[in-house]
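> Show me the folded form of this:
(chains A and B)
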There are 2 protein chains.
Amino acid sequence: MAIVVQKYGGSSVANADKIRNVATRVSESFKKGNKVVVVVSAMGDTTDDLIELAGKINPNPEPREMDLLLSTGEIVSSTLLSMALHAMGFRAIALSGPQAGISTDSAFSRARITGIEPKRIVNELKKGNIVIVAGFQGLTSDNDIATLGRGGSDTTAVALAASLKAKICEIYTDVDGVYTADPRIVPEAQKLNEIGYEEMLEMATSGARVMHHRSVELGQVFKMPILVASSLADRPGTMIRGGKNMEQRNKVRGIAHDMDVAKITVTGVPDRPGIAAAIFMPLAKAGISVDTIVQNAGANNITDLTFTVTKNDLNRAMDIIRPVATEIGAKECLSDSRLGKVSIIGTGMQNTPGYAAKMFQTLFTQNINILLITTSEIRITCIIAEDKVKEAVRTLHKAFDLDKD
Amino acid sequence: MAIVVQKYGGSSVANADKIRNVATRVSESFKKGNKVVVVVSAMGDTTDDLIELAGKINPNPEPREMDLLLSTGEIVSSTLLSMALHAMGFRAIALSGPQAGISTDSAFSRARITGIEPKRIVNELKKGNIVIVAGFQGLTSDNDIATLGRGGSDTTAVALAASLKAKICEIYTDVDGVYTADPRIVPEAQKLNEIGYEEMLEMATSGARVMHHRSVELGQVFKMPILVASSLADRPGTMIRGGKNMEQRNKVRGIAHDMDVAKITVTGVPDRPGIAAAIFMPLAKAGISVDTIVQNAGANNITDLTFTVTKNDLNRAMDIIRPVATEIGAKECLSDSRLGKVSIIGTGMQNTPGYAAKMFQTLFTQNINILLITTSEIRITCIIAEDKVKEAVRTLHKAFDLDKD
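All right, here's what the predicted structure looks like:
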């Protein structure tokens, strides 16, 4: 019998009725003869509510205590789903992350899974149980509870699927798959029937919110097919997987965008070794992720260094960079928080020239100014003004013929 | 340095302000130089809310899943108290029952503590941490979470105190000690400065709600002094402990009462061996606790058998008893759910005659009819009509001079 891992997000288990709906879907897979392992997130806004409650007591709670606190949310939803399956006459058992054998490192609030000992899950499946696992959490080597951070339950699901050698990992969410662009912005956006891991990774890191890139990476490493589909409808979703046939289709597979971009420019930077490290090490230590970095080498060994951070991190980043800039003898620090980015993504791009030129030309004809450009082998990203992002997504979607089946 | 174990109930940690208040009290004991271990219950109505939520999904949830669900309540309050102590500048760490090393049997929803491995707690205390333990829960040998049932967090506190060889276990609650009678019924009731384990046990099993009898028993076995005091006021509470001086005071130490009494009488029972077992075994199997049992041996080997159960169990008990009564050839099954009981308690009673006579005489002069009588060495209990209980408590309190210091 094949093992299927299903994951349901917080909005899919937000109340008793929705939990019953999930139980029905789970039981359908079980009745087909699958061994079913289900990973759940916390109900609805539970995690946010717990964070707010903690904030009333301590504005800067210790990550260790916070993780122990937050881990309760997924335990609640997993036990309730197990009870719902019992009420429908199915055998089921809820397991916390530690009970499911999930080990993590000690990086509280953003822990990585270091290993899974699936003995208990395998035993429960053998007994005929549907196994419900609390997502987002695991046990450190010090016997503490750590949570996996953003996208945590997706990561739990893919890791469990890999460890159990499941035939598929099904991620059920409030959208019914991966689209060529955000359908709220581009009504003509097409749902993709399938997409490769690399493309999905680029989509995820470029702003598509469907799945967190960590779980896609895991899927890629373990070659685990991942289905993204709606937890409400019975429409087919999008299959994320590897394989040759991925490259046969339209060369550009999707347009991703992200409104959460702020830019910092340090002007008049002396162009000598060690300068980049002097600027970026303090940011890394403060836990600030830097995305795009562009250096415009100028005359006289003087250069302008530009990089992007999330809008939320901008003020902290500026506070860190200003004294550093003074110290290294730079001219000034400028910032702009009204930016966004738009990306075109597709594995077919890597061996075919002309995509970049077409993208720039399309934006140019719409009078959209490009501030920064970054590329990977299968992605081209332009940083533009925030208020031009939607227009850029629509125009590019059309220009690359993504609105056609 | 001496170890002090403190326990705070759900009403003491019901919201952020109350949690801060508890943190202040905990820190005061720490500042006096104690090593402090704190056991907390779930916030306010959390446990009831979780039970209600589960009930919406499954009217008969599996006890294993229910325990895993309910255990989250105490984890939430323990992490928040830890965060409150951090915010005040103290070192603290929250531990779940399993992390605290608490092992239980697998009797879900009413598990017994089978052992405590306090290594982690001892280590955290050595590091200078105040240790906050989630009450009411432990880990079974199958790596499942089990809860201890009613009075569970008190039991956790006394068991931890015994295991850590603490100098005292302090139970902070919404009353400020043990009284000679319920002050809501007898305004002249006096707070006891101290009471022996046996007396407190009899008070607890006779209806006094201050502490659950399981934790008192544990205290008695391990000779752990238990202080019962208010979590809000700074008044001295009641010390529960052993020792000779217990017997020197007023011979009757307190009047306990309980409104939750229902009576079943099986009439015309053939008086032959095995009959009592035939009646009580099915009740025990159904998990129904029988309290008082009285058999009135009659003529011709025919007897009436009367026993009491809680009001909540009456209908189930009658459903079980009726077919049994028919089977054994009894005449009929009668029930009365409008009963209560009143008890006088005191170790001094055991070697001094006349207490029973005085109790019956006192009730007689108030025209209170006694339906059943049971006694232990240090307790006399009368089952009477529910609507006479308050009057009986007041009259007995006065008759035994408990309203005088």
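> Now whichever residue of the stretch 101-250 of chain A sits closest to chain B: closest residue in space that isn't a chain neighbour?
Closest approach between the stretch 101-250 of chain A and chain B, counting by C-beta to the nearest C-beta: A:Asn143, at 5.9 Å. For every residue, glycine as well, the C-beta is placed using N, CA and C. Using C-beta to C-beta, 6 or more residues apart in numbering or on different chains and skipping residues adjacent in sequence, the residue nearest A:Asn143 is B:Gln99, 5.9 Å away.
> how close does the residue sitting furthest away from the middle of chain A get to A:Gly268?
Largest separation from the mean C-alpha position in chain A: A:Asn300, at 42.2 Å (C-alpha atoms, centre = their mean). For A:Asn300, the distance to A:Gly268 equals 10 Å [C-beta to C-beta, to the nearest Å].
> about what we covered before: SS state for the residue farthest from the centre of chain A?
Secondary structure, DSSP: H, G, I helix; E, B strand; the rest coil: A:Asn300 is coil.
> ok, it - contacts?
Applying C-beta atoms under 8 Å, 6 or more residues apart in numbering or on different chains to A:Asn300 gives no contacts.
> now it: how far from A:Pro270?
Applying C-beta to C-beta, the value for A:Asn300 to A:Pro270 is 9 Å.
> distance between stretch A:236-245 and the chain's centre?
Relative to its parent chain, stretch A:236-245 has a centroid offset of 18 Å by C-alpha atoms, centre = their mean, to the nearest Å.
> quick one: buried residues of the longest strand anywhere in chain A?
Scanning chain A for the strand with the most residues, using DSSP state E, yields strand A:254-270. Across strand A:254-270, burial judged by 16 or more other C-beta atoms under 10 Å in any protein chain shown covers A:254-258, A:260-267, A:269.
> Between these, which sits nearest B:Ala229?
Among these, A:Asp260 lies closest to B:Ala229 (C-beta to C-beta), at 52.6 Å.
> Pairing partners for the helix or strand bottoming out on mean pLDDT in chain A, with directions?
Using mean pLDDT, DSSP states H and E, the weakest-scoring helix or strand in chain A turns out to be strand A:293-297, at a mean of 77. Paired with strand A:293-297 in the same sheet, following DSSP bridges, are strand A:302-309 (antiparallel).
> which stretches of the stretch 101-250 of chain A form strands?
A:102-104, A:113-116, A:130-134, A:137-139, A:145-147, A:168-173, A:194-195, A:226-230, A:238-240 (DSSP state E, counting those that start in this stretch).
> How about the stretch 251-400 of chain A?
So, for the stretch 251-400 of chain A - with DSSP E, counting those that start in this stretch - the strands run A:254-270, A:293-297, A:302-309, A:332-345, A:372-376, A:379-385.
> closest one to B:Cys333 among those strands?
Judging those by C-beta to C-beta, what sits closest to B:Cys333 is strand A:254-270, at 72.3 Å.
> Pairing partners for the closest one, with directions?
Looking at strand A:254-270 with DSSP bridges, its partner strands are strand A:302-309 (antiparallel), strand A:332-345 (antiparallel).
> where in the stretch 251-400 of chain A is pLDDT low?
Low-confidence segments of the stretch 251-400 of chain A (pLDDT under 70): A:297-299, A:351.
> contacting residues around the nearest residue to A:Ala286 once chain neighbours are set aside?
Distances taken as C-beta to C-beta, 6+ apart put A:Ile320 closest to A:Ala286, at 5.9 Å, once the chain neighbours are dropped. If a contact means C-beta under 8 Å, 6+ apart, then A:Ile320 has A:282-283, A:286, A:288 as its contacts.
> Which one (most neighbours) among those?
Within these, most neighbours by other C-beta atoms under 10 Å in any protein chain shown means A:Leu283, with 20 neighbours.
> Double-check that one against A:Ile293; I have them as touching.
No. Using C-beta atoms under 8 Å, A:Leu283 is not in contact with A:Ile293; the gap is 10.8 Å.
> Which positions in the longest helix belonging to chain A come out as buried?
The helix that spans the most residues within chain A, counting by DSSP state H, is helix A:63-87. Across helix A:63-87, burial judged by 16+ other C-beta under 10 Å covers A:63-86.
> could you give the angle of that helix to helix B:63-87?
160 degrees (axes from the mean of the first three to the mean of the last three C-alpha atoms, to 10 degrees).
> can you tell if helix A:63-87 touches chain B?
Yes. Using C-beta under 8 Å from any C-beta of the partner chain, helix A:63-87 reaches chain B at A:64-66, A:68-69, A:71-72, A:75-76, A:78-80, A:82-84, A:86-87.
> burial count for A:Ile380?
22.
> Enumerate every residue touching it.
Taking C-beta under 8 Å, 6+ apart as the test, what A:Ile380 contacts is A:343-344, A:349, A:355-356, A:359, A:373-374.
> Compute the distance between it and B:Ser289, please.
In terms of C-beta to C-beta, A:Ile380 sits 74 Å off from B:Ser289.
> same thing with A:Met88?
Applying C-beta to C-beta, the value for A:Met88 to B:Ser289 is 33 Å.
> what about these two, which has more around it?
Neighbours per residue, other C-beta under 10 Å: of A:Met88 and B:Ser289, the larger number sits with A:Met88, 14 against 11.
> Pull the contacting residues for the more buried one.
Contacts for A:Met88 (C-beta under 8 Å, 6+ apart) come out as A:23-24, A:27.
> By neighbours, which of these wins?
A:Ala23 (27 neighbours).
> quick one: that one is in a helix?
Yes. Counting by three-state DSSP, A:Ala23 falls inside a helix.
> For the nearest residue to it once chain neighbours are set aside, list the residues it contacts.
Nearest residue to A:Ala23, sequence neighbours excluded (C-beta to C-beta, 6+ apart): A:Ala84, at 3.8 Å. When contacts are counted by C-beta under 8 Å, 6+ apart, A:Ala84 touches A:19-20, A:22-23, B:57-58.
> Make sure the residue nearest to A:Asn143 is actually in contact with B:Pro118.
No. Checked against C-beta under 8 Å, the pair B:Gln99 and B:Pro118 is beyond contact range at 11.3 Å.
> So the two - more neighbours on which side?
Ranked by neighbour count (other C-beta under 10 Å), B:Gln99 and B:Pro118 place B:Gln99 first, with 25 against 19.
> doesn't that one fall inside a helix?
No. If the criterion is three-state DSSP, then B:Gln99 is coil and not within a helix.
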